[in-house]
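> what's the 3D shape of this:
(one chain, ligands or ions: 1)
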Amino acid sequence: MPAQLSDPITMVVKQTDDVRIHTFVASFAQNNIANATHVIETENQLVLVDAQFLAPYARAFREYADGLGKPIERLYVSHRHPDHWFGLGTAFADVTVYALPETMTFVDEHGEDSRSDHWKLGDLAPERVVVPQKTADPGEEMIDGVRYVFDRVTDTEIDYHLTIRLPDVGVYVAQDLVYSGTHPYLTKHLDHWSRVLRDMLLSDYEVFLPGHGLPADKNEVARLVEYLAAARQAVGDGLTGEAFKSFLLQRYPERRCPGIFDIYLPRLFGGASDY
Ligand SMILES: [Zn+2]
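Coordinates of the predicted model:
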């Protein structure tokens with residue numbers, strides 16, 4: 001890891017006879033946003049979720065997966081925000097990548113724009129764009145003896161988001177529907193996003209794997225519902241830009257990764273481009 005980047009956190013989140021779930025979380029420090037990526041390890045193979053953002057973390061995530069000594073059967077990209085697919089070009093160009101069709105089209109059409117837009121990252125950005133090749137279809141699928149349920153969730157943190165559930169293990173791979181202990185990337189879809197989170201709270205699932213921060217339980221998901229309600233109220237009260245940011249920073253001093261505000265505020269209030 002380069003000196004300015006802290007070491008990732010890696011953990012085994014859940015283990016049953018058939019499955020071991022691993023989570024890899026990048027730095028919470030400075031402007032980093034604690035990107036969380038996951039490995040679903042079954043008897044013969046690995047399924048990965050998301051590819052990390054900055055090149056050193058993408059390489060370290062790949063090394064972690066390779067260290068498990070099983071082939072990577074596939075990698076799912078949850079949505080089109082670059083902090084979830086940049087790492088494909090760094091460390092997963094040889095892996096079969098699945099995504100929603102909308103995500104594939106976006107990376108195909110705008111991936112290079114997004115990469116050049118991040119020129120300030122220097123060699124922390126990938127050297128090339130890898131476009132997901134295979135469509136992730138909503139529905140059920142058995143992979144290496146384990147049941148997966150895929151869903152296409154619209155209008156939450158992003159227009160199109162893939163979720164992956166493992167009903168027999170009680171694990172819900174929610175990615176950016178759940179920001180765990182970190183400030184979330186807010187959009188205009190706060191109402192619908194909250195409804196999706198409320199459904200999670202009433203579900204049978206126990207572990208919610210986020211796209212940012214550490215693995216979450218239902219209490220953490222409930223805290224995010226409350227946060228979204230406060231943000232919605234602040235918008236209703238007319239707060240925008242820096243005033244909106246100060247309100248949320250003061251109300252939630254325990255949340256990490258305030259760097260996310262600078263990413264989404266120009267888009268939420270200023271009409272900046274979506275990538
Ligand atoms: Zn994200």
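> what are the ranges of the strands in the stretch 151-275 of the chain?
160-166, 171-180, 207-213 (DSSP state E, counting those that start in this stretch).
> closest to residue 2 out of these?
strand 207-213 (20.7 Å; Cβ to Cβ). Every residue, glycine included, has its C-beta placed from N, CA and C.
> got a list of contacts for that closest one?
With contact meaning Cβ atoms under 8 Å, 6 or more residues apart in numbering, strand 207-213 is reached by 13-14, 21, 23, 25, 28, 33-36, 38, 49-50, 78, 84, 170-182, 184, 200, 215-218, 220-221, 256-257, 260.
> could I get the average pLDDT for it?
Strand 207-213 shows a mean pLDDT of 98 in the predicted model.
> any idea how far the ion is from the most centrally placed residue in the chain?
Centroid-nearest residue in the chain, with Cα atoms, centre = their mean: residue 211, separated by 2.6 Å. Taking Cβ to the ion, to the nearest Å as the measure, residue 211 falls 5 Å from the ion.
> around the ion, which positions in the stretch 1-150 of the chain sit nearby?
For the stretch 1-150 of the chain, the residues in contact with the ion (Cβ under 5 Å from the ion) are 81, 83.
> all helices of the stretch 1-150 of the chain, in order?
Ranges of helices within the stretch 1-150 of the chain are 55-66, 82-91, 101-117, based on DSSP state H, counting those that start in this stretch.
> ok, which of these comes nearest residue 133?
Across the helices of the stretch 1-150 of the chain, closest to residue 133 is helix 101-117 (Cβ to Cβ), at 7.9 Å.
> may I see the buried residues of that closest one?
Within helix 101-117, the residues scored as buried using 16 or more other Cβ atoms under 10 Å are 102-104, 106-107, 110-111, 114-115.
> then stretch 127-134 to PDB, C-alphas only?
The C-alpha coordinates for stretch 127-134 follow below in PDB (Å, rounded to 0.1, in the frame of the first residue of the first chain):
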ATOM      1  CA  GLU A 127      -5.000   2.300 -16.900                       C
ATOM      2  CA  ARG A 128      -7.900   1.100 -18.900                       C
ATOM      3  CA  VAL A 129     -11.700   0.500 -18.700                       C
ATOM      4  CA  VAL A 130     -13.000  -3.000 -18.600                       C
ATOM      5  CA  VAL A 131     -16.700  -3.300 -19.600                       C
ATOM      6  CA  PRO A 132     -18.800  -6.000 -18.000                       C
ATOM      7  CA  GLN A 133     -19.400  -8.700 -20.500                       C
ATOM      8  CA  LYS A 134     -22.400 -10.700 -19.100                       C
END
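> okay then, goodbye and thanks.
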